[in-house]
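>>> Sequence and computational prediction follow.
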Amino acid sequence: MKKNRVLTGIILFMSLALFVSSCKKDENTTAPNTTTTSNEALADRIFNNVGNISNEAYSLQTSTTKTTDGARLFIGDCAVITLDTLGFPFTLTVDFGTENCLCEDGHYRRGQIITHFTGPYWQAGTVITHTLNNYFVDDNGVEGTRVLTNLGPNADGFMEYTIEAEGEIFLANSDDSFTWTSSRTRVWIEGYDSFTPYDDVYLISGVSSGVRVSGETWQRITLEPLRLELDCRHIVSGIVEITSSNGPDMTLDYGTGDCDNVAYVTVNGVVYTIMLP
């Protein structure tokens, strides 16, 4: 029996509202476009964690949950999980209530994530659709949808998924907002047949784009697939490029495989060291 997967909060990998220092000695500089990269980071984390939360809730509510899969990595005790299992498509609701609910990953949420499953996450052909109802994360209002499709094994025999997301985020304590779309491919290359999620490894590639209320636009494209190892809280390798209508192009390099929070941004030929949270 294949396991249900509980994706961890490692998909915080685009959180670039950080402190930046030049790789050159005695030269401290703030990399440009931190607003653009921060917006991209926020949207990427929020929409990926919609999937993480849904997968965790599904595992907690089904009899197929393995002992090692049962730990709550995202959902706080203040959330109410409801699962209609009379027949596929199942409907799963995670209700965080109308007041902020402190979750296991340290973020406050309120509102609902409503998910329809046509089958289990690991089953070829399954489509999982997430919609949001009065949903907030750390007081950022979030609208939109996220659709994951299991394409089955690819030519190399690895399970492959597409993930399409689109939405709008209304920034907390601000009149600012932005729309965001993303189209990704996720390939499950290790850990498929084991009984624990923590040996799972994915390769992620694709594109995303955003438009701020000010009219600024940006695009992100994967140059080298991002390697996601579920026993690490950070992306361990891979390179993406970010272009903006309001700044220079930049590349973000996650390194060569170490499980750490160090990454590198290159702007106009200058390399900056990024300490990911």
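Perfect, thanks for sending it.

>>> low-confidence ranges in the chain?
1-34, 63-71, 195-198, 233, 276-277 (pLDDT under 70).

>>> Helices of that one, residue ranges please.
34-61 (DSSP state H).

>>> Give me the most central residue, it.
Of all residues in the chain, the one closest to the mean position by C-alpha atoms, centre = their mean is residue 48, 2.6 Å from it.

>>> so how far is residue 130 from that residue?
11 Å (C-beta to C-beta, to the nearest Å). Bear in mind the C-beta positions are built from the backbone N, C-alpha and C, glycine included.

>>> now swap in residue 239 and tell me
Residue 239 sits 28 Å away from residue 130, going by C-beta to C-beta.

>>> Which one's more surrounded, those two?
For residue 239 versus residue 130, neighbours defined as other C-beta atoms under 10 Å are more numerous around residue 130 (22 against 18).

>>> Give the closest residue to the more buried one in space, chain neighbours not counted.
Using C-beta to C-beta, 6 or more residues apart in numbering and skipping residues adjacent in sequence, the residue nearest residue 130 is residue 146, 4.3 Å away.

>>> For the one you found, the count of nearby residues, please.
Using other C-beta under 10 Å, residue 146 has 23 neighbouring residues.

>>> start at 568 instead
That works, and once the first residue is 568, the last one we named lands at residue 713.

>>> Provide a list of residues in contact with it.
Neighbour list for residue 713: 614, 617, 618, 696, 697, 730, 731, 732, 734 [criterion: C-beta atoms under 8 Å, 6 or more residues apart in numbering].

>>> Mind doing that once more with 7 Å?
Taking C-beta atoms under 7 Å, 6 or more residues apart in numbering, we find residue 713 in contact with 614, 617, 618, 697, 730, 732.

>>> quick one: it from residue 757, how far?
Distance of residue 713 to residue 757, given as C-beta to C-beta: 24 Å.

>>> Please apply the same query to residue 705.
32 Å.

>>> what does residue 712 give?
Taking C-beta to C-beta as the measure, residue 712 falls 29 Å from residue 757.

>>> For the residue nearest to residue 697, name its beta-bridge partners.
Applying DSSP bridges to residue 713 gives these bridge partners: residue 697, residue 732.
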